[in-house]
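In: Structure for this input, please:
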Amino acid sequence: MKFLIGFLICITAVFAATDKLIIDASNFETNDAKGLSIFTGNVKLKMAKDRLNSDKLEIYVKPQTQGKAKKPLKYIATGNVDFEIISNAKHYKGRGNKVIYNPDKQEYTVIGNGYLKEVKEDRELFGEKIFINQLTGSAKVSGSKKKPVRFILNIESGDK
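Out: Numbering: from 1, shown residues only. Here you go, the predicted structure:
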């Protein structure tokens, strides 16, 4: 229990400059030695305006010296994953079988039945693997023979 309270305080401290990180789930377990916390069952993550829902969420942290905040290294969400991210004047909604987030690099990878919509510009991407880097604004999408990449962009017509 001591670790749970310490973990939640440390995670919140890491994100204090932006907002609170709130995770609701049916179950929680942690392993100090591995630096791993696992949330399962109807997982709902909220931070500022960002949202993520999944069946399972794993948070990997880098253990630091005693009394200091633990730094999140990677988030892995699996099972019925959907999300909404608002950052750098972009507003994304998406879903996939698995979503991996690297906070240091601000990189998202959506794996399996990936879908991503940039709401403000009304652009949609479908693919088996979608990679986004929020710092550089770059994106890469991979498909397969049976499910090629699909990009949908609404274009204004000259007829007005």
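In: Centroid-nearest residue for the chain?
Out: Nearest to the geometric centre of the chain sits residue 101, at 4.8 Å (C-alpha atoms, centre = their mean).
In: The helix or strand in which it is found: how far from the chain's middle?
Out: In this structure, residue 101 sits in strand 90-102 according to DSSP states H and E. Its chain's average C-alpha position is 5 Å from that of strand 90-102, according to C-alpha atoms, centre = their mean, to the nearest Å.
In: Now do that strand: which elements does it pack against?
Out: Counting contacts by 3 or more C-beta pairs under 8 Å, 6 or more residues apart in numbering; DSSP states H and E, strand 90-102 packs against strand 71-87, strand 107-118, strand 123-133. In short, each C-beta sits where N, CA and C put it, glycine included.
In: that older thread, the residue nearest to the centre of the chain touches residue 75, doesn't it?
Out: Yes - here residue 101 reaches residue 75: they are 4.3 Å apart, a contact under C-beta atoms under 8 Å.
In: Can you name the element that comes right after the helix or strand bottoming out on mean pLDDT in the chain?
Out: Ranked by mean pLDDT, DSSP states H and E, the weakest helix or strand in the chain is helix 2-14, scoring a mean of 38. Counting by DSSP H and E, the next helix or strand C-terminal to helix 2-14 is strand 21-24.
In: and whichever helix or strand comes after that next one, average pLDDT?
Out: With elements assigned by DSSP H and E, the helix or strand that comes after strand 21-24 is strand 27-31. In this model, strand 27-31 has a mean pLDDT of 94.
In: Give me the buried positions along strand 27-31.
Out: Across strand 27-31, burial judged by 16 or more other C-beta atoms under 10 Å covers residue 28.
In: partner strands of it, parallel or antiparallel?
Out: Applying DSSP bridges to the sheet, strand 27-31 is found paired with strand 36-47 (antiparallel).
In: and the angle for the strand it pairs with with strand 90-102?
Out: Relative orientation of strand 36-47 versus strand 90-102 (axes from the mean of the first three to the mean of the last three C-alpha atoms, to 10 degrees): 170 degrees.
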